[in-house]
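Chemist: structure for the following, please:
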Amino acid sequence: MRQAIYAVVAATLSLPTLSALADERGNATPPFTITSASDARTVMRGLPEEAVTERFEALPSSGAVVAYVGLADGDVGGVVFQDGRLAGTLNRAQADAFYACRGYTTARWHYWAQDASLWVESLLRVAQPASTVDLVFSGTSTSRSLRAVFDNPAIGQVQALVEMGTNPLKVVRALSKAHRAQRQREADEHLGRELGKLVPGDSEKRLAEVAPPQDVAFVERGLVLAYPKHSLDFVVSEGRIQALQQPSFLQLVRAKPALFYMPDIAWSNCTPELWSEALPVQATTTGG
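Modeler: Residues are numbered from 1 along each chain as shown. Below you'll find the model as predicted:
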């Protein structure tokens with residue numbers, strides 16, 4: 001499930017991820033190059049979970065889907081795509097402010113993607129244009145990385161088999177539990193693949209047909225349909241998917257709001273227009 005848990009991007013992955021390649025080779029994750037010819041979803045599917053903090057796609061009023069991947073590892077803080085192609089990058093400080101401010105806004109019960117057009121317009125404006133981006137990863141995970149946020153469903157099975165000991169009744173119960181867990185994982189992976197086929201602009205009805213939401217937030221301008229098992233939010237307005245966000249900010253603001261905390265940030269500047277000015281000047285300057 002770990003390879004498939006990013007329902008927007010990773011669930012439909014048919015090629016090995018960089019993490020898988022690194023594990024097979026027994027060394028650090030290899031460098032990753034993005035060019036103007038690279039496809040946004042293909043890039044986002046290949047990035048290792050330990051190096052990614054978030055991924056989203058949003059449909060602004062301009063009509064061209066904007067995608068973004070935040071990075072926890074390396075010199076580049078985030079990569080921006082427009083209409084499926086590379087648009088630019090954020091430095092480390094900018095990416096931190098973008099993440100923290102949208103979390104702050106969501107925690108104050110105004111889910112950030114209600115104003116997706118404003119956020120992505122400012123994102124495109126702040127991003128440094130780029131035609132090629134070279135990403136180098138250390139392989140070290142952080143508390144904000146997707147790997148740290150996601151639960152690994154295999155852990156429960158391993159623990160059950162280890163803890164069953166020599167008691168025959170415990171063996172039967174543990175193996176039965178492991179079998180049920182395996183079937184549940186297969187069902188979750190199937191759901192992830194189906195959710196991964198959805199894109200901004202698709203109908204709310206199509207999303208509901210794939211699976212009823214596991215959680216719902218009724219927001220000022222629409223709905224947030226959440227799938228906590230995949231840590232994925234779909235923001236719906238006027239019957240259409242407006243944005244997809246992973247990890248689920250709805251989930252994080254309830255369970256792990258401290259992930260959005262940053263010292264010395266000017267929280268009053270955490271708006272779609274001013275988020276890039278929320279960090280101290282020295283932090284923005286040293287961010288690259």
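Chemist: and residue 55, how many residues sit next to it?
Modeler: Other residues near residue 55 number 25, with proximity taken as other C-beta atoms under 10 Å. To be clear about C-beta, it is placed using only N, CA and C from the backbone, and glycine gets the same treatment.
Chemist: quickly list what it is bridged to.
Modeler: In this structure, residue 55 has the following beta-bridge partners (DSSP bridges): residue 69, residue 246.
Chemist: in the stretch 151-288 of the chain, which spans are helices?
Modeler: With DSSP state H, counting those that start in this stretch applied, the stretch 151-288 of the chain shows helices at 154-163, 168-195, 204-210, 249-255, 281-286, listed in chain order.
Chemist: and these, which one is worst for confidence?
Modeler: Mean pLDDT across the helices of the stretch 151-288 of the chain is lowest at helix 154-163; the value there is a mean of 34.
Chemist: contacts only, for residue 83.
Modeler: Remark: with contacts taken as C-beta atoms under 8 Å, 6 or more residues apart in numbering, residue 83 is in contact with 64, 65.
Chemist: give me that answer again for 10 Å
Modeler: When contacts are counted by C-beta atoms under 10 Å, 6 or more residues apart in numbering, residue 83 is found next to 40, 62, 63, 64, 65, 66, 67.
Chemist: before we move on, what about residue 277?
Modeler: The neighbourhood of residue 277, defined by C-beta under 10 Å, 6+ apart, consists of 97, 126, 266, 269, 270, 271, 284.
Chemist: from residue 191, how far off is it?
Modeler: Going from residue 277 to residue 191 by C-beta to C-beta, to the nearest Å gives 40 Å.
Chemist: sketch out the low-pLDDT regions of this protein for me.
Modeler: Counting by pLDDT under 70, the chain contains low-confidence residues at 1-29, 151-179, 281-288.
Chemist: check contacts around the closest residue in space to residue 252 that isn't next to it in sequence.
Modeler: Once flanking residues are discounted, residue 252 sits nearest to residue 259: 5.8 Å by C-beta to C-beta, 6 or more residues apart in numbering. For residue 259, the set of contacting residues under the criterion of C-beta under 10 Å, 6+ apart consists of 53, 99-100, 103, 142-144, 148-149, 247, 249, 252-253.
Chemist: all set, thanks.
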